[in-house]
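Trainee: coordinates for the following, if possible.
(one chain, ligands or ions: 2)
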Amino acid sequence: DHIVRLEDYLPSDFLIDRVELDVRLHPTATKVTATLSMRPNPAGRSDVPLILDGDEVNLKGIALDERALEAGEFEASPQSLTISQPPQHPFKLTIETEINPTANTKLMGLYRSSGNYCTQCEAEGFRRITYFLDRPDVLAVYTTRIEADREEAPVLLGNGNPVESGIIEGTGRHYAVWHDPFPKPSYLFALVGGRLGKIAKPFTTMNGREVEIAVYVEPGKEDRAGYALDALERSMIWDERVFGREYDLDVFNIVAVSDFNMGAMENKGLNIFNDKYVLASPETATDTDYANIEAIIAHEYFHNWSGNRVTCRDWFQLCLKEGLTVFRDQEFSSDERSRPVHRIAEVKTLRSRQFLEDASPLSHPVRPNQYREINNFYTATVYEKGAEIVRMLKTIIGDADFRRGMDLYYDRCDGTAATVEDFLKAFADVTGLDLSHFARWYAQSGTPRVEVRGHYDGTTQTYRLDFKQQTPPTPGQPTKEPMVIPVVLGLVTQDGQRMEAKCERVNSRGVFLLDKTEDSITFTGVSSRPVPSVFRDFSAPVKVSLDLTNEELIVLLRHDADAFNRWQAAQTLAMRTLAARSTGVPVSEDAMASLSSAFKGFLEEAALRDPAFAALVLSLPSDADIAQEIGQDVDPDAIHHARKELRGHLGKNCFEKLADFYHSLAPAKTYSPDAASAGRRSLRNAALDLLAAADPQAGEKLASKQFETATNMTDRLAALSVLMTIPGSLRESAIASFEERYRDEPLVLDKWFSLQAAIPEDTTVERVQRLMEHPAFSMNNPNRVRSLIGSFAMLNQVQFNRKDGAGYAFLASIVLRADELNPQLASRLLTAFSSWKMMESTRRNHARIALQSIAQKPSLSRDVGDIVNRSLE
Ligand code: HT7
Ligand code: ZN
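Mentor: Ligands and ions are numbered 1, 2, ... in the order given. Predicted coordinates for the structure are as follows:
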C-alpha cells in the first residue's frame, strides 16, 4: 500500500495551461473528450514519461497534436495513462473516455443524484472523469461544453461564466458552453445537468461589478432556498467589508443535491451542496439547521479567495485553505450572531471532535506529513484545530497586523498553489516576528496540557502564576517540544470585581505568551487574593488544569468579564461532580447542594439577559465529554447514570425557575431564525429537558403538548427528543405521528432516524436494524446512513459501547457493507471507534475483535483499510 510523504514533494514534470472539455451526458455511457494544452515544466525533470492519473475510466481514443497514437506509444489502464516519450515542447493531448455515472456509488467524479448529473472532484475525483495530472499544483484555464438530453437535463451548469448555449436540432439534445478565466486545479472542476428549480438575485460588488447569484434546488423546493440565498448575499458583503475580498465572475451558482459525501464543495463559481445545508423552512428545519446553512454557505463562498484564488500546492497543505476558511466562517457567524455564544459552540465542537481525535490512535498534525488515503484527512484536526491556529496568530499579532498579513498573503499568492510557509511568511513580514516556533502548531500533534497554579503573597501584594505545559505522545511522535501558547488572562477579586494589577509579561491586549515548558509571571499591586481567569475566550486549543476551588469557580460563573470563562466555570463545576460520580468517588451532599445553588443563582440573576448563553450553561457536558475527561477504563453506563442523576438533581433544585422560564418564554406567533429568537427557544427547550429529568411524568406531559402544538421544527423536535428519554406509549405514538407527518420529507426523516438511534436503551440495536428496512432508508444515501448509523455510533455512548460488544459488532458489519458502495462514507463511520482504547477492558476487547474482523476482510477499500489499521496500531 503506497504512502505519500510530504518530504517527497516534487513539482509536476508537465504543466497543463488549458483544458477544453466536451462532456456528452448519458446515464450509463457519458463520453468525455478532453483536449489538454500541455508543456514540459521548466521546474520539473526532463526526459521522463508523462503519467496521467485515472480511476475507473475507460479509454476510447487518444491523439497527440491531432495524430491518433498507436499501440506501443502509450499504455492505459483504468488507473493511469502513460506516454513514454512525450514531446519536449508544447503539445496538445486529446483523450476520449467513457464513464458510467449511474453506477458511480462512491459519489466521487461524475455521478447521479435523484436523476440529476453532478460532480465531486476534491480531492481526487477528476481522474474518475478523464485522465489528468490530478494534483492541486497544476492550474489550468477550463472551457467546458456540456451536452445532454433536453428532457432529462434542461439545466446545464459549469464553472466560470456562461458563454453559449443552443439546441442540437433533430436530436432532442442541447448544449451549453462555460468558460472559467481563472486558472484552477482539477479538484475545483464541476458540472451539473438536470431538472432544477432556481431562485436568483442581482448582486453589485464593492467595485460595481454586476453579478447574478442563484440557488438551484429540486423543482418545487424553491421556497426553501431563500435563507441560503440570503446567507450568500450576506457572506459576499461581509468578505468585502472585513477582508476586502470581492467576487470575480459574472455568476455565482449553488446547486443542492441529495446524495453528497460531505457538507458542500467550493467549485469555482459553481458550489455544490448537500441539500441538508441549503433547504430550510420553519416547518422542516431547526434553528441549528439554519445556523449550519448560514455557516456552510459562507464557508464555501469564502473559499473563492482562501482556496480557489490561492490554492494548495499539495494535499499536505489542506489546512491552508480549510483551517483558514473555517476561521473565516466562524468570524462571519460571530459577527452575524452573538460572538460569545458562537465561540462557546465552536469550542464545544472542537473539544468533542478534535480533542477526541487527538487523544485517539488517529491523532495527526494539522499538516500531516504522510498519508495513505487523502480522503481520511478531512478531519476535525485539519479543519477545526487549523482554524484555532489562525485565531491564535491573530491573538498574538493583533487585529490590524492580522489584516495586513492577510492582504499580503492574498497579494503575493493570488493565482498560485501555496504552502503553510507562504502563509506564515506574510505575517512574519508584516510584523517582523520570527514565527518559526509558532509553526510547530502545524507539525506537532496532540493536545497540549497546561497546568496553572496561583500563589498570592499578601505581604508583597504580589500574585504569581506558574505555568507548565506538556503535550502527550501521539502516533509517530513519542516526545514533544514546547509550543507557543497565547494565554489571554485577567484577575478578578473574590467579590467579582475586575482587578487592575500590573504584569509586564502581559501585553496591553491581556496576552501572555507561554513558549517554554515552564514559566511564571508575577502581578504587582494586588491588594487581596485574586481569582485568575485564564485562557479567556479559549485563547489556545489546550487542556487546562487550574486549582480553583468550587467557590472561586462560582465567582467566575457569576462575575467574570469574559463570557467564555463564565460558561467554562459552570462546565468545570459540573464536570468535577460528573467525573467523580462516574468513577465511584463520593460527592458530598454539601458539594451537590452548592452546585445546584450556583446554577439556581445563575438562573435567577442572568438567564433572561442572554437566553442563548443561559441554555449553554444549562447543557451539561455530554456522555462523550465525560468519557474524555476520565480518559481511561471508561464505563459508559456509569457515566450515563451519573449525568442523568445530576440532570435530575439540578432540575429538582431549580424546578420553579425552570418552569417559570418554560411558561414565560412561550413561542412567538411567527417563526424567525434570528439568533435572539433561537436563543429564547433554546433556553425554553433546555428548561423542558431539565424539568423532564426532574419529574418524568410532568415532563412527558409538557413535552407531548409541545410536540403536538409546535409551530416550528425546533420546538417539535426538542419535544420529541425529551420524549425519547421517557420510555412508554406516549413516546411510541409520537414517533409514529412524526413519521406519518413527514413521510415525504427525507431531511426531516433523517432527524427521526437520528433521535431513535440515540435512545439509550438495550433494544436500540434492534430498533436501528428494523429502521434499516424502512422505505425511506437507503445504504446509498450518505445523509440517511449518517442519520441512522452515524447517530447510533457517535451519539449513543451507552448502546454503541455495550458491554456485550453488540454495538461494535453491528457497526463493523455496516462498515463492511458500506465499504462496497461508498468507501468514504464507510471510513467516516469507522472513526466512531476512535475512543475504543479508553474503554474498560471488557469493552476494549470487544472493540478490538470488531476492528480485527474488519481488518481481516480481503479487498477493503484504501479508505477503510487505512482507518482500521491506524485504529489498531
Ligand atoms: N473542500 C470541500 C471538501 C469536500 C470533500 C472532500 C472529500 C470528499 C468529498 C468532499 N466534498 C467536499 C468542502 C469544504 O471543506 O469546504
Ligand atoms: Zn472548506
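
Trainee: what comes up buried for the host helix or strand of residue 767?
Mentor: Element membership of residue 767, judged by DSSP states H and E, is helix 764-771. Buried residues in helix 764-771, counted by 16 or more other Cβ atoms under 10 Å: 764-765, 767-768, 771. C-beta coordinates here come from the backbone N, C-alpha and C atoms, glycine included.

Trainee: elements contacting the following helix or strand past it?
Mentor: Note on helix 764-771: by DSSP H and E, the next helix or strand toward the C-terminus is helix 782-785. When contacts are defined as 3 or more Cβ pairs under 8 Å, 6 or more residues apart in numbering; DSSP states H and E, helix 782-785 packs onto helix 746-757, helix 823-830.

Trainee: can you tell me the closest non-neighbouring residue to the residue in the stretch 651-800 of the chain positioned nearest to ligand 1?
Mentor: The stretch 651-800 of the chain approaches ligand 1 most closely through residue 782 (9.9 Å), counting by Cβ to the nearest ligand atom. In space, and not counting its chain neighbours, residue 782 is closest to residue 825: 5.0 Å by Cβ to Cβ, 6 or more residues apart in numbering.

Trainee: from what I see, the one you found and residue 261 are in contact.
Mentor: Yes: if you go by Cβ atoms under 8 Å, residue 825 and residue 261 touch, sitting 6.5 Å apart.

Trainee: quick one: which of the two has more around it?
Mentor: Using other Cβ atoms under 10 Å, the more surrounded residue of residue 825 and residue 261 is residue 825, with 26 against 20.

Trainee: near ligand 1, which residues of this protein show up?
Mentor: 120, 122-123, 261-262, 264-266, 299-300, 303, 322, 375, 378, 824 (Cβ under 6 Å from any ligand atom).

Trainee: can you pull the residues of this structure lying near ligand 2?
Mentor: The chain comes close to ligand 2 at residues 322, 325, as judged by Cβ under 5 Å from the ion.

Trainee: which residue is most remote from the mean position of the chain?
Mentor: Relative to the centre of the chain, and counting by Cα atoms, centre = their mean, the farthest-placed residue is residue 459 at 51.0 Å.

Trainee: can you name the helix or strand that that residue falls in?
Mentor: Assigned by DSSP H and E, residue 459 falls within no helix or strand.

Trainee: relative to residue 342, how far out is it?
Mentor: Separation of residue 459 from residue 342 (Cβ to Cβ, to the nearest Å): 44 Å.

Trainee: secondary structure class for residue 202?
Mentor: Recorded secondary structure, residue 202: strand (DSSP: H, G, I helix; E, B strand; the rest coil).

Trainee: what's the burial count for it?
Mentor: As a measure of burial, residue 202 has 9 neighbours, counting by other Cβ under 10 Å.

Trainee: do the same with residue 344
Mentor: 24.

Trainee: got the phi/psi numbers for it?
Mentor: Main-chain dihedrals, residue 344, degrees, to the nearest 10: phi -60, psi -40.

Trainee: so it touches residue 567, yeah?
Mentor: Yes: contact between residue 344 and residue 567 holds when scored by Cβ under 8 Å: they sit 5.1 Å apart.

Trainee: residues that sit against both of these two, list them.
Mentor: Counting by Cβ atoms under 8 Å, 6 or more residues apart in numbering, the residues touching both residue 344 and residue 567 are 613, 616.

Trainee: now the residue of the stretch 51-200 of the chain found nearest ligand 2, nearest residue through space, not along the chain?
Mentor: Nearest residue of the stretch 51-200 of the chain to ligand 2 (Cβ to the ion) works out as residue 122 at 9.0 Å. Nearest non-adjacent residue to residue 122, counting by Cβ to Cβ, 6+ apart: residue 187, 4.1 Å away.

Trainee: okay, now that neighbour: neighbour count?
Mentor: Residues near residue 187, counting by other Cβ under 10 Å: 23.

Trainee: now do the same contact list for it.
Mentor: Neighbours of residue 187 in contact, by Cβ under 8 Å, 6+ apart: 121-126, 134, 136.

Trainee: now, among those residues, which is nearest to residue 338?
Mentor: Nearest to residue 338 among the contacts of residue 187: residue 122, at 32.4 Å, using Cβ to Cβ.

Trainee: ok, now which ones touch the closest one?
Mentor: Neighbouring residues of residue 122 by Cβ under 8 Å, 6+ apart: 187-188, 265.

Trainee: can you give the contact residues for the helix or strand hosting residue 252?
Mentor: Per DSSP H and E, residue 252 falls inside strand 251-257. By Cβ under 8 Å, 6+ apart, the surrounding residues in contact with strand 251-257 are 113-114, 116, 118, 157, 161-162, 192, 196, 203, 211-218, 221, 225, 228-229, 232, 236, 269-275, 277-279, 297, 300-301.

Trainee: give me the pLDDT for the closest residue in space to residue 223 that isn't next to it in sequence.
Mentor: Counting by Cβ to Cβ, 6+ apart, residue 223 lies nearest to residue 281, which is 6.9 Å off, once chain neighbours are set aside. For residue 281, the pLDDT comes out at 98.

Trainee: go ahead and confirm residue 281 touches residue 221.
Mentor: No: at 9.1 Å, residue 281 does not count as touching residue 221 under the criterion of Cβ under 8 Å.

Trainee: dump stretch 96-113 to CSV, keeping only the CA atoms.
Mentor: The C-alpha trace of stretch 96-113 is given here as CSV (Å, rounded to 0.1, in the frame of the first residue of the first chain):
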residue,chain,number,x,y,z
GLU,A,96,-11.6,10.3,-25.1
THR,A,97,-13.0,8.4,-22.2
GLU,A,98,-16.3,6.8,-21.3
ILE,A,99,-17.8,6.7,-17.8
ASN,A,100,-20.9,5.4,-16.2
PRO,A,101,-22.4,8.0,-13.8
THR,A,102,-25.4,5.8,-12.8
ALA,A,103,-23.0,3.0,-11.5
ASN,A,104,-21.0,5.5,-9.5
THR,A,105,-22.0,4.8,-5.9
LYS,A,106,-18.8,6.3,-4.5
LEU,A,107,-20.1,9.8,-5.2
MET,A,108,-16.7,10.9,-6.5
GLY,A,109,-16.3,12.1,-10.1
LEU,A,110,-19.5,12.3,-12.2
TYR,A,111,-22.5,10.7,-10.6
ARG,A,112,-26.2,10.9,-10.4
SER,A,113,-28.3,12.2,-7.6
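
Trainee: now do it, average pLDDT.
Mentor: 98.

Trainee: are we agreed that residue 836 is in a helix?
Mentor: Yes: counting by three-state DSSP, residue 836 is part of a helix.

Trainee: using the three-state scheme, assign the spatially closest residue to it that is not a sequence neighbour.
Mentor: With Cβ to Cβ, 6+ apart as the criterion, residue 836 has its nearest non-adjacent residue at 3.7 Å, and that residue is residue 847. The three-state assignment at residue 847 reads helix, by three-state DSSP.

Trainee: what pLDDT does the model give the residue in the stretch 451-600 of the chain that ligand 2 sits nearest to?
Mentor: Closest residue of the stretch 451-600 of the chain to ligand 2, Cβ to the ion: residue 541 (18.6 Å). On pLDDT, residue 541 comes in at 99.

Trainee: check what pLDDT the closest residue in space to it that isn't next to it in sequence gets.
Mentor: Of all residues not flanking residue 541 in the chain, residue 388 sits nearest, at 4.2 Å (Cβ to Cβ, 6+ apart). At residue 388, the pLDDT value in this model is 99.

Trainee: OK, contacts around residue 388?
Mentor: Per Cβ under 8 Å, 6+ apart, neighbours of residue 388: 323, 350, 540-541.

Trainee: returning to that earlier point: number of nearby residues for the residue of the stretch 651-800 of the chain closest to ligand 1?
Mentor: Neighbours of residue 782 under the rule other Cβ under 10 Å: 25.

Trainee: same check, this time on residue 473
Mentor: For residue 473, the neighbour count with other Cβ under 10 Å is 12.

Trainee: that one contacts residue 446, doesn't it?
Mentor: Yes: between residue 473 and residue 446 there is a contact under Cβ under 8 Å: 7.3 Å.
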